[in-house]
Structures are given as structure tokens and as C-alpha cells.
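Student: Generate a structure from the sequence data that follows.
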Amino acid sequence: MGRIRQLDAEVIARIAAGEVVERPASVVKELAENSIDAGARSITIEINRGGFGLIRVRDDGVGIAPQDLPLALARHATSKLDDADDLYAVRTLGFRGEALSSIGAVAQVELVSRPPDREGGWVHRVEGGITTHDGASASPPGTTVSVANLFFNTPARLAFQRSHGAEARAIAQIVTHLALAAPTIRWQLVIDGHQSISTPGDGSFVEAAIAVYGAVVAPHLLTLPLIDETAVRVTGICTSPVVHRNTRGYTTFVVNGRVVRSQALTHAVEEAYHALLPTGRHPIASVRIDVPPAEVDVNIHPTKLEIRLQRERLVYARVRDAVRQAVGRFTPSPVIHPSAPSWPLNLPSYTPTPPKTGTWGLRPTPLLEEPNPDQGAGPIGLRSESPPGGEASPRERSGSAWSEVLAASQDAGIVRASPKASPGPGNTPKPPGPVARPASDPASWRPLGQVGLTYIVVESPDGMYLIDQHSAHERIVYEQLKRTPTADETLVQPLLNPDPIELTPSQSTWLRTNGPSLQSFGYELEPFGTGTGTETWLLRAVPRTVATRGRARALADLLDALIDREYGDGPIEDQTRWAVACHSAVRAGDSLTMTEMVSLMEQLSRCDLRQTCPHGRPTMIHLSHTQLAREFGR
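Tutor: Next up is the predicted model:
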């Protein structure tokens, strides 16, 4: 270890840049917050190559005087603090004076500005922290900051950055949150020449949410009742329980104008939706909280994303109450009829069909019956569900929503039977003898019904099994997608009328980058146009295993899961295969007919790893005859 010495200015600047400038999205956040502090009414953000090639932020704020431009790129220089006491009542988004100098240390930065009261503008350029130009320039009122070749002088930092598409999605998410935090500002985001986000800037939370999340959420947006008590003010919007997502990324919290992350506030919103959303689903919400600046400590995180609230419990209660009141005005009170089973709310995730008898979701047990000589030999031990007269019931004729899905899985089965030889002279076919199957083979099991529309109760020679219908079907579809289809197999279902689907900027960016991997598993999409805050795509084909209902929402959920890397960090093909299998499978809460349950067992018997789903969760639980006898004391 050498002697202690003072670091030079260049090393200090790069260390500081490592704390503030983590990725291109960090640069966009810092520059956009500077524009907000400058009183801008319009902010336009342009990025190229995920922000590594170019980031340009243009605003119409108060601008910077020519003599202050070099100082703006110096360390610890700011117009937002006068003395140390101001740190205890920060009213601006930036205050440290580190962002521009940190960015300038690891990129090529051009700062062009013109105050509205001046006739001409001024430009100042730095490269790696060194000034390369300073002089007059034509400029509209406001400030334009251009950041090129980010991390050009720190190759180690550049090597660990994510892909251009991932950074573009992260930037789109940050601009989405900022647009919801500052609805009075007109926001525009342009990614590689394509406009992804455009908001009206009219000050309406509702219009801002529609601009970034699409018109599809408009009918379900609820305005939070104004709560202004004990110096805590809560405003914002949320969605009805009908609209929900599979990630918390659609929830925005704004404290005194600053977008923040907070586990406590997230829990407050989800507590307000308690028992109203399916498990694993999350609401869309934008909650603005205003408290006295002295009660917020914003100087606890390098990027100021986390804060400390002096009265956190009070704020928690106010947020929870505001969201609960908004949702309570929309949600109808359930009516319980003594003679009918009580079911969950009519949510879009599933609409369960009540069982024919009973109130606990256990379907009637098929009984052994005497064979009918007028009917062919059916599956052993299964009672026909046809009504008297031999005519199939309407339910059996039409099937459930998953009949075609399970049929598609059956058609694209894991193993195909070899062709039989044609009978000829002297080649009289013999009737097939009984096939001996092990007790653990699902093909030898007899489904009895469903419990809670989630688990299939199965009788087997060695006891009883409980099958998780979603996990089992997910395993089936996953193994189908792993194998290469033969020439006579069709795993893609073209749509006669393409479905128009609205996707968020983050989803569209992912699709443009990774579309081929999704297409290889049966999805065919093409861009169709730009809507209000969304991009419209045409869905022309889907995997045969995808149900006919809810294709748009299923695809949006699939893209969100892939963006959030819910399926690991492996190759994108593996992540996509896993995601398609999960989002194509039968869901918990789907009602299956007896024929569909039998089909599911047959397909599960052909899987190589049928004991677990791709997530590693068990697909079945076994209760042996010995265990059952022990539990009943026999």
C-alpha cells in the first residue's frame, strides 16, 4: 500500500460519474428533471441506439445565461441551493450540482441555451470533462442538452451495459413516470426517429395516463378523492379492479413532484385493492403526495429515487384510504344468494362456471355404470355426461374455452404413433390386447373432478393424485415448444381477421428488437400505426395452444414478463419459450370438462419431466393408499 495522496480532478470526476450516471436512462432522468426545475412547459427527448449513440433533451424553460454555461458543467455548481439550511427543505428535483459535470466526464456533451429575454443563444461543448468549444450560437428560447457517445472513455463501464433495446425500454418507462408526475408539461419521446410518447400537457392526470397507457384504460380510470388533511395532500388516479397488470411497473409515486420508489407506498396501494385482484396482479395507479418539504429527506440515495418520510405511517394511511375510496365507489357489492354458490368478482382473468352440484368447487364424481350396448366401449370407469336420449349436452358439444387449446396440444403431441400396416390377405388384424401401464403413468389415471377450478382430483391404481392444471399444461406446452415440429405438424394458427393490439412504448421497443424469437414460437405481428400513447400492432397468427379468448391481454402480459426478466437471464429464445408456455397454458380458475381432463392426463403421460413445471414447481401431489388409510385410522 502506497502513501495517501489527493486524487486528481479527472479521477474524482469519473468516480462521481459512476455514482450518478449508471446507464443512459439515468442521464435522461437527470436532464429531464433539470428541465422541470427550469419551468419548462414542453420537453422533447430524443434517443438513438438506446441512448448510447445520442440523448438530446430540449425544453422551453428559463434558459442559462452565456456566462453561466461553463459553470453549469462544473462540479458542485447549482442555482438551486444558497446555504446548508436549504438541504432541509428541498423544493427542486435537483440540488447537488453533480449531474451535468458527471455526464460531461464520460460523454461528449453540447449545451445550447438562450434565456427568453436575449436575442441570441450560446453553446458550450465538453468531451470527457474537457472544454472543446464555447461561443455564440442560434437557439430558440430554452435549453438543449445533447449527450453523444456515452461511456466512450470508460470501456469497462460500457462493456457491462445492457442491450440498446433494454435501455430504450428503461428510458420509455422513466419518461412515462415523469409524464404522470408532471401532467402540466407536454412530453414527447422519440426513439430512433419513431415517436413513442406524446402527452397533451393540459394538467389532467387522466389525459396523461391515457397518453402513456392508451385509450383502452380510459373507461376504467378512477380519480382519487382529494385528501388534504394534517399537511398531507393526496391526489392522482387509479384503475378499477377490471384492469390490472402482472408487474408493479405501472404504479407511479410522486412526492413533492419527485418520482420515487417506496415499498411502503406500494403496499398501501395494494392493500386498498386487497381481495379485489387475482393473485400476482397489480393495478395501474399514479399517486401524487404533497407534504411540507422539511418532512422529506431526499438526500439518502445517489439518484434521489428513494426518500425518507418523517410521518410515513400517516402518509401510508392517507394513500390507502384515497385509493380505497376511489375503488369502493366503482366496485359493486357482491350479492350472496343462499341457494347458490358464492363466486369471486367477475374479473377478466377468469369467469368460473359453477359446478352442477355442491358449493365448494368440487365437480360431480363420475360413477361406474353398466355399459350401454347401443354405445361403443368408452373409457373404462367414466360415466357419459350426455343427457338421457343419447344426445350430447350443450356443454359437451361446444366444449369449454380450453377445448381447442387442449386439442391443439393433443394434435402436436410429444410422441406420434407409428403408422399401422394395412391388413391384407393372410394378414388378419388381431384385436389389441390390454396395455400394461405402470401405476405412476397418468394415462392410466381416472379424473374425478376439479377442486376450486384449480386442481384436478385423479384416482390411480396406487392411490390418489392432485394435479395443478396450470402447471401440468405448462409442462406439456413447454416440451412441445422445445422439440422441432415435423413437416405434417402445424403449430401456428393464422387468424382470419387480424387482431389490432395496442402496446406501450416499452412493449413495442422489445418487440422490434426480439420479434423473431417470438415469431419462432407462433406469434406473427406487424406494426400498424400509432395511437394515443400506444402503438398499434396487427396480430396475424398465434400458437395453436393459445386460447381464443383474451389474446390481446395475454400477449401484453407476456411482453411485460419478458421485459421484467421474470423468466431468467438466459438466451432470449429460452426466456420466450418459457413465457409462451406459461401464458398459453390453462389457468387456475378455468373450468374443464371431463373430456379435457382426460386429454390433459394423456398428454402429461408423454412428457419427459412431468413431475414439475418449467418454474420448478410440482405439477402433482400423490397420496398413496397407505397414506389415506393411515389418515383415516384404518
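Student: got the domain boundaries for the chain?
Tutor: The chain is divided into the following domains under automatic domain parsing: 9-200, 214-330.
Student: show me where the stretch 201-350 of the chain has helices.
Tutor: 205-213, 263-272, 312-330 (DSSP state H, counting those that start in this stretch).
Student: Report how many residues lie close to Thr144.
Tutor: Residues within reach of Thr144, counting by other Cβ atoms under 10 Å, total 20. Just so you know, the C-beta spots here come from the backbone N, C-alpha and C atoms, and that holds for glycine as well.
Student: Oh, that last question was meant for Pro527, not what I typed.
Tutor: The local packing count at Pro527 equals 15, with neighbours defined by other Cβ under 10 Å.
Student: buried set for the helix or strand it falls within?
Tutor: Element membership for Pro527 (DSSP states H and E) is strand 524-530. Residues 524-525, 530 are the ones in strand 524-530 that count as buried (16 or more other Cβ atoms under 10 Å).
Student: ok now whichever strand or helix holds Pro500, how far from the chain's centre?
Tutor: Assigned by DSSP H and E, Pro500 belongs to strand 492-503. The chain centroid and the centroid of strand 492-503 are separated by 20 Å under Cα atoms, centre = their mean, to the nearest Å.
Student: who touches it?
Tutor: 214-216, 408, 511, 522, 524-525, 528, 531, 534-544, 546, 551-552, 555-556, 559 (Cβ atoms under 8 Å, 6 or more residues apart in numbering).
Student: Narrow those to those that are buried.
Tutor: By 16+ other Cβ under 10 Å, the contacts of strand 492-503 give 214, 216, 408, 511, 522, 524-525, 534-535, 537-544, 546, 551, 555-556, 559 as buried.
Student: pLDDT weak spots in the stretch 301-450 of the chain?
Tutor: Applying pLDDT under 70 to the stretch 301-450 of the chain picks out residues 301-304, 331-441, 443.
Student: in the protein, what secondary structure element scores lowest on mean pLDDT?
Tutor: Ranked by mean pLDDT, DSSP states H and E, the weakest helix or strand in the chain is helix 394-398, scoring a mean of 41.
Student: closest to Ser460 out of the domains of the chain?
Tutor: Proximity to Ser460 (Cβ to Cβ) singles out domain 214-330 among the domains of the chain, at 28.9 Å.
Student: so what's the residue nearest to the spatial centre of the chain up against?
Tutor: The structure's the chain has its C-alpha centroid closest to Asp560; by Cα atoms, centre = their mean the separation is 2.8 Å. Residues near Asp560 by Cβ under 8 Å, 6+ apart: 245-247, 249, 507.
Student: let's go with 10 Å and repeat that
Tutor: Going by Cβ atoms under 10 Å, 6 or more residues apart in numbering, Asp560 touches 245-247, 249-250, 504, 506-507, 510, 566, 579.
Student: Which pair of the residues you listed spans the longest distance?
Tutor: Using Cβ to Cβ, these reach their maximum pairwise distance at Tyr250 and Ala579, which is 18.3 Å.
Student: who's more crowded, these two?
Tutor: Tyr250 (24 against 21).
Student: which residues touch the residue lying closest to the more buried one once chain neighbours are set aside?
Tutor: The spatial neighbour of Tyr250 that comes closest, neighbours along the chain excluded (Cβ to Cβ, 6 or more residues apart in numbering), is Ile284 at 4.4 Å. Counting by Cβ under 10 Å, 6+ apart, Ile284 makes contact with 209, 213, 217, 220-221, 237-240, 243-245, 249-252.
Student: How about Thr131?
Tutor: 70, 73, 104, 124-125 are the contacts of Thr131 under Cβ under 10 Å, 6+ apart.
Student: Pick out the one among the residues you listed with the largest number of neighbours.
Tutor: Gly104 leads these on contacts (other Cβ under 10 Å) with 28 neighbours.
Student: Tell me the spacing between that residue and Ile47.
Tutor: 18 Å (Cβ to Cβ, to the nearest Å).
Student: again with Arg544
Tutor: 38 Å.
Student: ok so the residue nearest to the centre of the chain is a strand residue?
Tutor: No - counting by DSSP: H, G, I helix; E, B strand; the rest coil, Asp560 is not part of a strand but helix.
Student: now the strands for the stretch 251-400 of the chain?
Tutor: 251-255, 258-260, 285-290, 296-297, 308-309 (DSSP state E, counting those that start in this stretch).
Student: Repeat that for the stretch 501-634 of the chain.
Tutor: 524-530, 535-543, 620-624.
Student: cool, and the stretch 51-200 of the chain?
Tutor: Under DSSP E, counting those that start in this stretch, the stretch 51-200 of the chain gives strands at 54-59, 108-114, 121-127, 130-137, 142-148, 186-191, 194-198.
Student: Relative to the second one, what are the paired strands and their orientations?
Tutor: Its sheet considered, strand 108-114 pairs with strand 121-127 (antiparallel), strand 142-148 (antiparallel) by DSSP bridges.
Student: any idea of the mean pLDDT for that strand?
Tutor: In this model, strand 108-114 carries a mean pLDDT of 94.
Student: what angle do that strand and strand 130-137 make?
Tutor: 30 degrees (axes from the mean of the first three to the mean of the last three Cα atoms, to 10 degrees).
Student: From the chain's centroid, how far away is strand 108-114?
Tutor: 36 Å.
Student: angle of that strand against strand 54-59?
Tutor: Angle, strand 108-114 to strand 54-59, by the same axes, to 10 degrees: 20 degrees.
Student: go on, the last one?
Tutor: Calculated by the same axes, to 10 degrees, strand 194-198 forms an angle of 40 degrees with strand 54-59.
Student: OK, contacts around the closest residue to Thr176 other than its chain neighbours?
Tutor: Leaving aside its sequence neighbours, Thr176 sits nearest to Val212 (Cβ to Cβ, 6+ apart; 4.7 Å). Taking Cβ under 10 Å, 6+ apart, we find Val212 in contact with 172-173, 175-180, 187, 189, 196-199, 250, 252, 286, 504-505, 532-534.
Student: Any chance of the strands of the stretch 51-200 of the chain in CSV with distance to Val458 as columns?
Tutor: Conversion of those to CSV gives the following (distance: least, Cβ to Cβ, whole Å):
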stretch, distance to Val458
strand 54-59, 58
strand 108-114, 66
strand 121-127, 69
strand 130-137, 73
strand 142-148, 61
strand 186-191, 51
strand 194-198, 49
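Student: Which of the ones you listed sits closest to Leu314?
Tutor: Within the strands of the stretch 51-200 of the chain, the stretch nearest Leu314 is strand 186-191; the backing value is 31.7 Å (Cβ to Cβ).
Student: in terms of contact count, name the helices or strands touching that closest one.
Tutor: Other helices and strands packing on strand 186-191, by 3 or more Cβ pairs under 10 Å, 6 or more residues apart in numbering; DSSP states H and E, are helix 24-37, strand 42-48, helix 164-181, strand 194-198, helix 205-213, helix 505-519.
Student: now with 8 Å?
Tutor: strand 42-48, helix 164-181, strand 194-198, helix 505-519 (3 or more Cβ pairs under 8 Å, 6 or more residues apart in numbering; DSSP states H and E).
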